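S.K.: from the sequence below, what's the structure:
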Amino acid sequence: MNPYLFIIAASSVIILSFLFNIIAKRTNIPSVLMLILLGVIIQLTLWKPDLDAPGNGVMVVLEILGNVGLIFIVLEAALDLQLKREKIGLIVRSFFMALITLFASAFAIAWLFILLWEVSLFNALIYAVPLSIMSSAIIIPSVGSLVAHKKEFMIYESTFSDILGIMFFYFLKDNGHAAGASEVVGSVLFNIGITVIIATIASYLLVGLFQQLKMHAKYFLMFSVLLLLYALGKRAHLSSLLIILFFGLVLNNTQIFFRGPLARFGSREKIKDSLHELHVITLETAFVLRTFFFVIFGITISLVSLVDWKLALISLGIVGILFGARFLFLKIFASKDLNPLLWIAPRGLITVLLFFAIPNGMVDAHGEVMEVYNPGYDYRIPQFDQGILLFTILISSIIMTISLIMDRGDKVKDVLLESIKMKQSDDNIVDRIEDTYMEESLSELEGIQQSEDHINEEKTGDSGAK
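M.R.: So this is what the prediction gives:
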(Lines give C-alpha, C1' and ligand atoms only; values in the text may rest on other atoms or scores of the structure.)
Protein backbone atom coordinates (compact mmCIF):
# COMPACT_ATOMS: atom_id res chain seq x y z
CA MET A 1 0.00 0.00 0.00
CA ASN A 2 1.12 3.53 -0.75
CA PRO A 3 2.39 4.96 2.59
CA TYR A 4 0.59 8.27 2.03
CA LEU A 5 -2.72 6.52 1.36
CA PHE A 6 -2.19 4.52 4.55
CA ILE A 7 -1.58 7.72 6.55
CA ILE A 8 -4.69 9.32 5.03
CA ALA A 9 -6.81 6.24 5.82
CA ALA A 10 -5.54 5.89 9.41
CA SER A 11 -5.98 9.61 10.14
CA SER A 12 -9.47 9.63 8.66
CA VAL A 13 -10.49 6.66 10.84
CA ILE A 14 -9.30 8.41 14.02
CA ILE A 15 -11.08 11.67 13.06
CA LEU A 16 -14.29 9.77 12.36
CA SER A 17 -13.93 7.92 15.67
CA PHE A 18 -13.65 11.26 17.46
CA LEU A 19 -16.83 12.47 15.75
CA PHE A 20 -18.53 9.20 16.70
CA ASN A 21 -17.64 9.95 20.33
CA ILE A 22 -19.37 13.34 20.04
CA ILE A 23 -22.50 11.66 18.68
CA ALA A 24 -22.27 9.02 21.42
CA LYS A 25 -22.13 11.69 24.16
CA ARG A 26 -25.23 13.42 22.81
CA THR A 27 -27.31 10.35 21.99
CA ASN A 28 -25.97 7.49 24.18
CA ILE A 29 -25.49 5.45 20.99
CA PRO A 30 -22.22 3.55 21.68
CA SER A 31 -19.41 4.61 19.35
CA VAL A 32 -18.49 0.91 19.10
CA LEU A 33 -21.53 0.32 16.88
CA MET A 34 -20.53 3.18 14.58
CA LEU A 35 -16.93 1.89 14.36
CA ILE A 36 -18.12 -1.62 13.42
CA LEU A 37 -20.45 -0.09 10.82
CA LEU A 38 -17.54 1.93 9.43
CA GLY A 39 -15.55 -1.31 9.06
CA VAL A 40 -18.47 -2.95 7.25
CA ILE A 41 -18.74 0.05 4.88
CA ILE A 42 -15.00 -0.16 4.16
CA GLN A 43 -15.40 -3.88 3.44
CA LEU A 44 -18.27 -3.19 1.01
CA THR A 45 -16.74 -0.22 -0.80
CA LEU A 46 -12.97 -0.05 -0.48
CA TRP A 47 -11.23 -3.17 0.76
CA LYS A 48 -12.25 -6.73 1.56
CA PRO A 49 -9.29 -8.84 2.72
CA ASP A 50 -9.04 -12.51 1.82
CA LEU A 51 -8.79 -13.98 5.33
CA ASP A 52 -8.08 -17.48 3.99
CA ALA A 53 -5.12 -16.41 1.86
CA PRO A 54 -1.69 -17.62 3.07
CA GLY A 55 0.36 -14.92 4.74
CA ASN A 56 -2.66 -12.71 5.36
CA GLY A 57 -1.70 -10.29 8.12
CA VAL A 58 -5.11 -8.88 9.05
CA MET A 59 -5.78 -11.41 11.79
CA VAL A 60 -2.22 -11.00 13.11
CA VAL A 61 -2.75 -7.24 13.37
CA LEU A 62 -6.09 -7.85 15.07
CA GLU A 63 -4.44 -10.20 17.57
CA ILE A 64 -1.67 -7.71 18.38
CA LEU A 65 -4.18 -4.88 18.79
CA GLY A 66 -6.24 -7.20 20.98
CA ASN A 67 -3.39 -8.12 23.33
CA VAL A 68 -2.12 -4.55 23.72
CA GLY A 69 -5.69 -3.29 24.01
CA LEU A 70 -6.37 -5.82 26.76
CA ILE A 71 -3.43 -4.47 28.77
CA PHE A 72 -4.58 -0.87 28.44
CA ILE A 73 -8.18 -1.77 29.28
CA VAL A 74 -7.13 -3.49 32.52
CA LEU A 75 -4.78 -0.61 33.38
CA GLU A 76 -7.50 1.93 32.62
CA ALA A 77 -9.93 -0.01 34.81
CA ALA A 78 -7.42 -0.25 37.69
CA LEU A 79 -6.71 3.49 37.52
CA ASP A 80 -10.46 4.08 37.95
CA LEU A 81 -10.65 2.03 41.16
CA GLN A 82 -10.21 4.19 44.25
CA LEU A 83 -10.26 2.07 47.41
CA LYS A 84 -11.85 4.61 49.75
CA ARG A 85 -13.04 3.63 53.22
CA GLU A 86 -16.47 5.18 52.70
CA LYS A 87 -16.89 3.20 49.46
CA ILE A 88 -16.27 -0.24 50.99
CA GLY A 89 -19.97 -1.19 50.98
CA LEU A 90 -20.41 -0.09 47.37
CA ILE A 91 -17.23 -1.85 46.26
CA VAL A 92 -18.19 -5.12 47.99
CA ARG A 93 -21.73 -5.10 46.55
CA SER A 94 -20.58 -4.28 43.02
CA PHE A 95 -17.81 -6.90 43.24
CA PHE A 96 -20.18 -9.71 44.21
CA MET A 97 -22.76 -8.51 41.69
CA ALA A 98 -20.14 -8.74 38.92
CA LEU A 99 -18.74 -12.07 40.15
CA ILE A 100 -22.00 -13.96 40.66
CA THR A 101 -23.67 -12.55 37.53
CA LEU A 102 -20.59 -13.50 35.48
CA PHE A 103 -20.61 -17.11 36.69
CA ALA A 104 -24.39 -17.51 36.47
CA SER A 105 -24.53 -16.05 32.93
CA ALA A 106 -21.55 -18.09 31.73
CA PHE A 107 -22.93 -21.43 32.91
CA ALA A 108 -26.46 -20.64 31.65
CA ILE A 109 -25.15 -19.66 28.19
CA ALA A 110 -22.89 -22.73 28.18
CA TRP A 111 -25.96 -24.88 28.90
CA LEU A 112 -27.68 -23.24 25.89
CA PHE A 113 -24.71 -24.12 23.64
CA ILE A 114 -24.69 -27.71 24.91
CA LEU A 115 -28.40 -28.02 24.04
CA LEU A 116 -27.90 -26.49 20.60
CA TRP A 117 -24.71 -28.21 19.47
CA GLU A 118 -23.97 -31.08 21.90
CA VAL A 119 -20.51 -29.78 22.77
CA SER A 120 -18.52 -30.37 25.96
CA LEU A 121 -19.02 -28.14 29.00
CA PHE A 122 -15.43 -26.90 28.69
CA ASN A 123 -15.81 -25.79 25.06
CA ALA A 124 -19.19 -24.26 25.82
CA LEU A 125 -17.75 -22.24 28.72
CA ILE A 126 -14.81 -21.03 26.63
CA TYR A 127 -17.36 -19.39 24.33
CA ALA A 128 -19.83 -18.39 27.04
CA VAL A 129 -17.44 -16.43 29.27
CA PRO A 130 -16.63 -13.65 26.72
CA LEU A 131 -20.37 -13.18 26.13
CA SER A 132 -20.93 -12.85 29.89
CA ILE A 133 -18.56 -9.89 30.38
CA MET A 134 -19.94 -6.35 30.51
CA SER A 135 -18.05 -3.69 28.59
CA SER A 136 -16.69 -0.97 30.88
CA ALA A 137 -15.30 0.71 27.75
CA ILE A 138 -18.92 1.38 26.69
CA ILE A 139 -20.56 1.77 30.11
CA ILE A 140 -18.24 4.27 31.83
CA PRO A 141 -18.61 7.02 29.16
CA SER A 142 -22.36 6.35 28.91
CA VAL A 143 -23.54 6.66 32.54
CA GLY A 144 -22.57 10.27 33.19
CA SER A 145 -26.20 11.40 33.35
CA LEU A 146 -27.22 8.90 36.07
CA VAL A 147 -27.63 9.87 39.72
CA ALA A 148 -24.39 9.57 41.70
CA HIS A 149 -24.95 6.23 43.49
CA LYS A 150 -26.16 4.46 40.33
CA LYS A 151 -23.30 5.89 38.29
CA GLU A 152 -20.70 4.74 40.82
CA PHE A 153 -22.26 1.28 41.07
CA MET A 154 -22.14 0.82 37.28
CA ILE A 155 -18.53 2.01 37.06
CA TYR A 156 -17.37 -0.40 39.76
CA GLU A 157 -19.50 -3.32 38.51
CA SER A 158 -18.39 -3.00 34.88
CA THR A 159 -14.74 -2.65 35.90
CA PHE A 160 -14.91 -5.77 38.08
CA SER A 161 -16.77 -7.61 35.31
CA ASP A 162 -13.91 -6.86 32.88
CA ILE A 163 -11.18 -7.96 35.27
CA LEU A 164 -12.93 -11.06 36.67
CA GLY A 165 -14.14 -12.15 33.24
CA ILE A 166 -10.66 -11.95 31.73
CA MET A 167 -9.19 -13.94 34.62
CA PHE A 168 -11.96 -16.58 34.39
CA PHE A 169 -11.40 -16.97 30.64
CA TYR A 170 -7.64 -17.42 30.94
CA PHE A 171 -8.11 -19.77 33.88
CA LEU A 172 -10.19 -22.03 31.59
CA LYS A 173 -7.84 -21.63 28.65
CA ASP A 174 -4.68 -22.40 30.63
CA ASN A 175 -6.14 -25.49 32.28
CA GLY A 176 -7.89 -27.14 29.37
CA HIS A 177 -5.60 -30.18 29.50
CA ALA A 178 -5.55 -30.72 33.26
CA ALA A 179 -5.91 -34.39 34.25
CA GLY A 180 -8.28 -33.72 37.16
CA ALA A 181 -9.68 -31.22 39.66
CA SER A 182 -6.71 -31.56 42.03
CA GLU A 183 -4.26 -30.73 39.24
CA VAL A 184 -6.35 -27.71 38.25
CA VAL A 185 -6.52 -26.40 41.82
CA GLY A 186 -2.78 -26.97 42.38
CA SER A 187 -1.85 -25.34 39.08
CA VAL A 188 -4.09 -22.33 39.68
CA LEU A 189 -2.91 -21.75 43.27
CA PHE A 190 0.75 -22.02 42.23
CA ASN A 191 0.21 -19.77 39.20
CA ILE A 192 -1.67 -17.10 41.13
CA GLY A 193 0.77 -17.28 44.08
CA ILE A 194 3.83 -16.73 41.89
CA THR A 195 2.07 -14.04 39.87
CA VAL A 196 0.92 -12.15 42.99
CA ILE A 197 4.47 -12.16 44.40
CA ILE A 198 5.92 -10.86 41.13
CA ALA A 199 3.06 -8.35 40.72
CA THR A 200 3.52 -6.99 44.26
CA ILE A 201 7.28 -6.55 43.95
CA ALA A 202 7.06 -5.11 40.42
CA SER A 203 4.25 -2.71 41.39
CA TYR A 204 6.09 -1.23 44.37
CA LEU A 205 9.30 -0.86 42.34
CA LEU A 206 7.52 0.70 39.37
CA VAL A 207 5.52 3.15 41.49
CA GLY A 208 8.71 4.16 43.31
CA LEU A 209 10.46 4.61 39.96
CA PHE A 210 7.46 6.49 38.55
CA GLN A 211 7.65 8.96 41.43
CA GLN A 212 11.37 9.62 40.91
CA LEU A 213 11.37 10.06 37.11
CA LYS A 214 11.11 13.67 35.96
CA MET A 215 11.50 13.28 32.19
CA HIS A 216 8.53 13.65 29.82
CA ALA A 217 9.01 10.22 28.23
CA LYS A 218 8.43 8.39 31.52
CA TYR A 219 4.83 7.41 30.69
CA PHE A 220 5.69 5.33 27.65
CA LEU A 221 8.68 3.99 29.56
CA MET A 222 6.16 2.67 32.11
CA PHE A 223 3.97 1.27 29.34
CA SER A 224 6.97 -0.46 27.80
CA VAL A 225 7.96 -2.03 31.11
CA LEU A 226 4.38 -3.22 31.68
CA LEU A 227 4.16 -4.66 28.16
CA LEU A 228 7.50 -6.41 28.73
CA LEU A 229 6.37 -7.88 32.05
CA TYR A 230 3.09 -9.00 30.50
CA ALA A 231 4.80 -10.73 27.56
CA LEU A 232 7.45 -12.37 29.78
CA GLY A 233 4.70 -13.51 32.14
CA LYS A 234 2.75 -15.06 29.28
CA ARG A 235 5.89 -16.83 28.07
CA ALA A 236 6.28 -18.23 31.60
CA HIS A 237 2.59 -19.24 31.60
CA LEU A 238 1.65 -16.83 34.40
CA SER A 239 -1.53 -14.77 34.85
CA SER A 240 0.17 -11.64 33.54
CA LEU A 241 -2.86 -9.39 33.71
CA LEU A 242 -2.61 -9.50 37.52
CA ILE A 243 0.68 -7.58 37.18
CA ILE A 244 -1.08 -4.82 35.24
CA LEU A 245 -3.99 -4.79 37.68
CA PHE A 246 -1.76 -4.58 40.77
CA PHE A 247 0.33 -1.77 39.30
CA GLY A 248 -2.77 0.33 38.55
CA LEU A 249 -4.29 -0.31 41.98
CA VAL A 250 -1.07 0.48 43.87
CA LEU A 251 -0.41 3.63 41.83
CA ASN A 252 -3.97 4.93 42.26
CA ASN A 253 -4.16 4.06 45.98
CA THR A 254 -0.72 4.94 47.34
CA GLN A 255 -2.29 6.13 50.60
CA ILE A 256 -3.24 2.49 51.32
CA PHE A 257 -0.23 0.59 49.96
CA PHE A 258 2.52 3.01 51.05
CA ARG A 259 2.33 3.37 54.81
CA GLY A 260 4.88 3.77 57.57
CA PRO A 261 8.48 3.58 56.29
CA LEU A 262 7.22 3.20 52.70
CA ALA A 263 5.25 6.45 52.77
CA ARG A 264 8.10 8.52 51.33
CA PHE A 265 8.31 6.24 48.27
CA GLY A 266 4.66 6.64 47.32
CA SER A 267 3.52 10.14 48.20
CA ARG A 268 0.12 10.86 46.65
CA GLU A 269 0.95 14.56 46.75
CA LYS A 270 4.09 14.09 44.62
CA ILE A 271 2.53 11.86 41.97
CA LYS A 272 -0.87 13.58 41.77
CA ASP A 273 -0.14 15.53 38.56
CA SER A 274 1.77 12.65 36.98
CA LEU A 275 -1.04 10.24 37.84
CA HIS A 276 -3.58 12.47 36.12
CA GLU A 277 -1.39 12.72 33.00
CA LEU A 278 -0.85 8.94 32.98
CA HIS A 279 -4.60 8.40 33.20
CA VAL A 280 -5.20 10.75 30.25
CA ILE A 281 -2.50 9.09 28.13
CA THR A 282 -3.87 5.64 29.01
CA LEU A 283 -7.38 6.71 28.02
CA GLU A 284 -6.23 8.20 24.72
CA THR A 285 -4.03 5.21 23.85
CA ALA A 286 -6.92 2.87 24.64
CA PHE A 287 -9.13 5.07 22.44
CA VAL A 288 -6.81 4.64 19.43
CA LEU A 289 -6.41 0.89 19.98
CA ARG A 290 -10.17 0.48 20.42
CA THR A 291 -10.84 2.48 17.26
CA PHE A 292 -8.66 0.39 14.97
CA PHE A 293 -9.67 -2.88 16.60
CA PHE A 294 -13.39 -2.41 15.98
CA VAL A 295 -12.92 -1.02 12.47
CA ILE A 296 -10.78 -4.04 11.53
CA PHE A 297 -13.33 -6.30 13.24
CA GLY A 298 -16.02 -4.75 11.03
CA ILE A 299 -13.87 -5.37 7.97
CA THR A 300 -13.52 -9.08 8.86
CA ILE A 301 -17.24 -9.70 9.56
CA SER A 302 -18.97 -12.19 7.28
CA LEU A 303 -21.91 -10.17 5.98
CA VAL A 304 -23.86 -13.34 5.20
CA SER A 305 -24.30 -13.88 8.95
CA LEU A 306 -26.17 -10.57 9.25
CA VAL A 307 -29.17 -11.97 7.38
CA ASP A 308 -29.22 -15.35 9.15
CA TRP A 309 -32.36 -15.38 11.32
CA LYS A 310 -31.14 -18.46 13.24
CA LEU A 311 -28.10 -16.54 14.51
CA ALA A 312 -30.38 -13.66 15.49
CA LEU A 313 -32.58 -16.03 17.51
CA ILE A 314 -29.57 -17.57 19.29
CA SER A 315 -28.34 -14.07 20.11
CA LEU A 316 -31.77 -13.11 21.48
CA GLY A 317 -31.62 -16.20 23.69
CA ILE A 318 -28.18 -15.16 24.98
CA VAL A 319 -29.36 -11.60 25.66
CA GLY A 320 -32.42 -13.00 27.46
CA ILE A 321 -30.15 -15.06 29.74
CA LEU A 322 -27.93 -12.04 30.43
CA PHE A 323 -30.81 -9.78 31.46
CA GLY A 324 -32.56 -12.56 33.37
CA ALA A 325 -29.46 -13.15 35.52
CA ARG A 326 -28.96 -9.41 35.87
CA PHE A 327 -32.54 -8.88 37.08
CA LEU A 328 -32.22 -11.67 39.66
CA PHE A 329 -28.97 -10.44 41.24
CA LEU A 330 -29.70 -6.71 41.01
CA LYS A 331 -32.64 -7.38 43.34
CA ILE A 332 -30.10 -8.69 45.85
CA PHE A 333 -27.11 -6.38 45.44
CA ALA A 334 -28.58 -3.06 44.26
CA SER A 335 -31.46 -0.77 45.19
CA LYS A 336 -35.11 -1.62 44.58
CA ASP A 337 -35.20 0.94 41.77
CA LEU A 338 -33.69 -1.14 38.97
CA ASN A 339 -34.18 1.36 36.16
CA PRO A 340 -32.07 1.92 34.18
CA LEU A 341 -29.41 -0.30 35.85
CA LEU A 342 -31.14 -3.47 34.65
CA TRP A 343 -30.74 -2.51 31.00
CA ILE A 344 -27.13 -1.30 31.14
CA ALA A 345 -25.25 -4.45 30.19
CA PRO A 346 -23.61 -3.95 26.77
CA ARG A 347 -21.05 -6.34 25.36
CA GLY A 348 -18.06 -4.91 23.51
CA LEU A 349 -14.30 -4.93 23.22
CA ILE A 350 -13.49 -7.60 25.82
CA THR A 351 -16.04 -9.98 24.27
CA VAL A 352 -14.43 -9.69 20.84
CA LEU A 353 -10.86 -9.75 22.20
CA LEU A 354 -11.38 -12.99 24.11
CA PHE A 355 -13.24 -14.57 21.20
CA PHE A 356 -10.13 -14.14 19.04
CA ALA A 357 -7.97 -15.58 21.86
CA ILE A 358 -9.70 -18.99 21.74
CA PRO A 359 -7.02 -21.57 20.71
CA ASN A 360 -7.50 -22.85 17.16
CA GLY A 361 -5.13 -25.82 17.13
CA MET A 362 -2.12 -23.87 15.88
CA VAL A 363 -1.23 -22.51 19.32
CA ASP A 364 -1.23 -24.28 22.66
CA ALA A 365 -3.22 -23.15 25.69
CA HIS A 366 -0.48 -20.66 26.64
CA GLY A 367 -0.26 -19.03 23.22
CA GLU A 368 2.88 -20.83 22.04
CA VAL A 369 2.77 -21.29 18.25
CA MET A 370 3.07 -24.93 17.19
CA GLU A 371 4.67 -26.19 13.97
CA VAL A 372 1.72 -28.42 13.04
CA TYR A 373 -2.00 -28.40 13.75
CA ASN A 374 -2.91 -30.19 16.99
CA PRO A 375 -6.64 -30.95 17.36
CA GLY A 376 -6.15 -31.35 21.12
CA TYR A 377 -5.58 -27.59 21.34
CA ASP A 378 -8.48 -26.67 19.09
CA TYR A 379 -11.18 -25.37 21.44
CA ARG A 380 -13.37 -23.92 18.70
CA ILE A 381 -17.05 -24.76 18.21
CA PRO A 382 -17.55 -25.09 14.41
CA GLN A 383 -21.24 -24.19 14.65
CA PHE A 384 -20.55 -20.91 16.45
CA ASP A 385 -20.72 -18.08 13.90
CA GLN A 386 -19.09 -14.69 14.36
CA GLY A 387 -22.48 -13.16 13.66
CA ILE A 388 -23.64 -14.27 17.13
CA LEU A 389 -21.05 -11.92 18.63
CA LEU A 390 -22.16 -9.06 16.44
CA PHE A 391 -25.87 -9.56 17.11
CA THR A 392 -25.26 -9.78 20.88
CA ILE A 393 -23.21 -6.58 20.85
CA LEU A 394 -25.82 -4.79 18.73
CA ILE A 395 -28.87 -5.91 20.73
CA SER A 396 -27.35 -5.26 24.19
CA SER A 397 -26.02 -1.84 23.11
CA ILE A 398 -29.34 -0.77 21.56
CA ILE A 399 -31.22 -1.79 24.72
CA MET A 400 -28.78 0.27 26.84
CA THR A 401 -29.12 3.26 24.50
CA ILE A 402 -32.93 3.26 24.62
CA SER A 403 -33.00 2.86 28.43
CA LEU A 404 -30.57 5.76 29.02
CA ILE A 405 -32.46 8.06 26.64
CA MET A 406 -35.78 7.25 28.35
CA ASP A 407 -34.21 7.64 31.82
CA ARG A 408 -33.28 11.25 31.12
CA GLY A 409 -36.83 11.98 29.89
CA ASP A 410 -36.13 12.32 26.15
CA LYS A 411 -37.91 10.62 23.28
CA VAL A 412 -35.83 8.07 21.41
CA LYS A 413 -37.02 9.30 18.00
CA ASP A 414 -36.10 12.92 18.76
CA VAL A 415 -32.63 11.99 19.99
CA LEU A 416 -31.88 9.83 16.94
CA LEU A 417 -33.08 12.56 14.59
CA GLU A 418 -30.95 15.10 16.45
CA SER A 419 -27.87 12.92 15.87
CA ILE A 420 -28.21 13.21 12.08
CA LYS A 421 -29.25 16.84 11.66
CA MET A 422 -28.17 20.18 13.03
CA LYS A 423 -30.33 22.35 15.27
CA GLN A 424 -31.01 25.86 14.04
CA SER A 425 -29.25 27.19 17.10
CA ASP A 426 -26.07 25.26 16.26
CA ASP A 427 -23.80 27.17 13.87
CA ASN A 428 -21.62 24.26 12.78
CA ILE A 429 -19.87 21.09 13.86
CA VAL A 430 -17.05 23.15 15.40
CA ASP A 431 -19.50 24.39 18.07
CA ARG A 432 -20.33 20.81 18.99
CA ILE A 433 -16.67 19.86 19.21
CA GLU A 434 -15.97 22.86 21.44
CA ASP A 435 -18.96 21.98 23.64
CA THR A 436 -17.70 18.42 23.97
CA TYR A 437 -14.20 19.58 24.89
CA MET A 438 -15.68 21.95 27.48
CA GLU A 439 -17.71 19.10 29.03
CA GLU A 440 -14.65 16.82 29.14
CA SER A 441 -12.47 19.58 30.66
CA LEU A 442 -15.03 20.29 33.37
CA SER A 443 -15.27 16.57 34.09
CA GLU A 444 -11.48 16.28 34.39
CA LEU A 445 -11.30 19.34 36.66
CA GLU A 446 -14.02 17.84 38.85
CA GLY A 447 -12.05 14.58 39.08
CA ILE A 448 -8.87 16.44 40.08
CA GLN A 449 -10.78 18.45 42.71
CA GLN A 450 -12.24 15.25 44.18
CA SER A 451 -8.77 13.73 44.33
CA GLU A 452 -7.39 16.81 46.09
CA ASP A 453 -10.30 16.80 48.56
CA HIS A 454 -9.58 13.16 49.31
CA ILE A 455 -5.90 13.95 50.02
CA ASN A 456 -6.85 16.83 52.29
CA GLU A 457 -9.30 14.61 54.21
CA GLU A 458 -6.54 12.05 54.76
CA LYS A 459 -4.16 14.74 55.99
CA THR A 460 -6.79 16.09 58.37
CA GLY A 461 -7.48 12.59 59.64
CA ASP A 462 -3.78 11.92 60.18
CA SER A 463 -3.35 15.22 62.06
CA GLY A 464 -6.32 14.45 64.28
CA ALA A 465 -4.94 11.01 65.05
CA LYS A 466 -1.63 12.51 66.05
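
S.K.: next one: the helix or strand in which Ile318 is found to chain centre, how far?
M.R.: Of the helices and strands defined by DSSP states H and E, Ile318 is found in helix 309-333. Its chain's C-alpha centre and that of helix 309-333 lie 20 Å apart, by C-alpha atoms, centre = their mean, to the nearest Å.

S.K.: list the buried ones in that helix?
M.R.: Residues of helix 309-333 classed as buried: 311-312, 314-315, 317-319, 321-323, 325-326, 329-330, 333 (neighbour count, 16 or more other C-beta atoms under 10 Å). Where you see a C-beta, it was placed from the backbone N, CA and C, and this is true even at glycine.

S.K.: what's the following helix or strand after it?
M.R.: Taking DSSP H and E as the definition, the helix or strand right after helix 309-333 is helix 349-356.

S.K.: where do the domain boundaries of this structure fall?
M.R.: 9-174+267-412, 422-466 (automatic domain parsing).

S.K.: so for Val188, which of the ones you listed sits nearest?
M.R.: The closest of those to Val188 is domain 9-174+267-412. By C-beta to C-beta, the value is 6.4 Å.

S.K.: the closest residue to Val32 other than its chain neighbours: neighbour count?
M.R.: In space, and not counting its chain neighbours, Val32 is closest to Gly348: 5.1 Å by C-beta to C-beta, 6 or more residues apart in numbering. By other C-beta atoms under 10 Å, 26 other residues sit near Gly348.

S.K.: what's the answer for the one 3 residues further on, then?
M.R.: Each residue near Thr351 was counted by other C-beta under 10 Å, and the total is 21.

S.K.: what does Gly193 give?
M.R.: Neighbours of Gly193 (other C-beta under 10 Å): 10.

S.K.: likewise for the one 3 residues further on?
M.R.: One way to gauge burial is a neighbour count; for Val196, by other C-beta under 10 Å, it gives 15.

S.K.: just give the closest residue to it, not the sequence neighbours.
M.R.: Ranked by C-beta to C-beta, 6+ apart and with sequence neighbours excluded, the top spatial neighbour of Val196 is Leu242, at 6.5 Å.

S.K.: ok, that neighbour - contacts?
M.R.: 167, 192, 195-196, 199 (C-beta atoms under 8 Å, 6 or more residues apart in numbering).

S.K.: pull out the buried residues from the strand or helix carrying Ile192.
M.R.: Using DSSP H and E, Ile192 falls within helix 181-212. For helix 181-212, burial by neighbour count (16+ other C-beta under 10 Å) applies to 184, 191-192, 195, 198-200, 202-204, 206-207, 210-211.

S.K.: low-scoring pLDDT stretches of the stretch 251-400 of the chain, where are they?
M.R.: 264-270, 273, 335-336, 364-369 (pLDDT under 70).

S.K.: quick check: Asn360 touching Asp378?
M.R.: Yes. Assessed by C-beta atoms under 8 Å, Asn360 is found in contact with Asp378 at 5.9 Å.

S.K.: those two: which has the busier surroundings?
M.R.: Taking other C-beta under 10 Å, Asn360 and Asp378 do not tie; Asp378 has more neighbours (15 against 12).

S.K.: can you name the residues that contact that one?
M.R.: By C-beta under 8 Å, 6+ apart, the neighbours of Asp378 are 359-361.

S.K.: phi, psi of it?
M.R.: Dihedral angles phi and psi of Asp378 (degrees, to the nearest 10) take the values phi -100, psi 100.

S.K.: look up how far Ile358 lies from it.
M.R.: Taking C-beta to C-beta, to the nearest Å as the measure, Asp378 falls 9 Å from Ile358.

S.K.: quick one on the thing from earlier: what would the contacts of Leu242 look like in a markdown table with pLDDT and distance to Leu112?
M.R.: Output for the contacts of Leu242, formatted as a markdown table (pLDDT from 0 to 100; distance: C-beta to C-beta, whole Å):
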| residue | pLDDT | distance to Leu112 |
| --- | --- | --- |
| Met167 | 82 | 23 |
| Ile192 | 79 | 30 |
| Thr195 | 83 | 33 |
| Val196 | 84 | 35 |
| Ala199 | 86 | 36 |
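
S.K.: which of those residues sits closest to Pro340?
M.R.: Nearest to Pro340 out of the contacts of Leu242 is Met167 (C-beta to C-beta; 28.0 Å).

S.K.: just to check, that closest one is in contact with Leu241?
M.R.: Yes. When contacts are counted by C-beta under 8 Å, Met167 is listed as touching Leu241 (6.8 Å).

S.K.: compare these two (neighbour count), which wins?
M.R.: Leu241 (23 against 16).

S.K.: so who does the more buried one touch?
M.R.: By C-beta under 8 Å, 6+ apart, the residues touching Leu241 are 70-71, 74, 163, 166-167, 170, 230.

S.K.: so which of those residues are in helices?
M.R.: Judged by DSSP state H, those include 70-71, 74, 163, 166-167, 170, 230 as members of helices.

S.K.: so how far is the first residue of stretch 244-259 from its last?
M.R.: With C-alpha to C-alpha, to the nearest Å as the measure, stretch 244-259 spans 21 Å from end to end.

S.K.: hmm, who's touching that stretch?
M.R.: Outside stretch 244-259, the residues that touch it by C-beta under 8 Å, 6+ apart are 71, 74-83, 163, 196, 199-200, 202-204, 206-207, 210, 226, 230, 265-268, 271, 275, 278, 455, 458.
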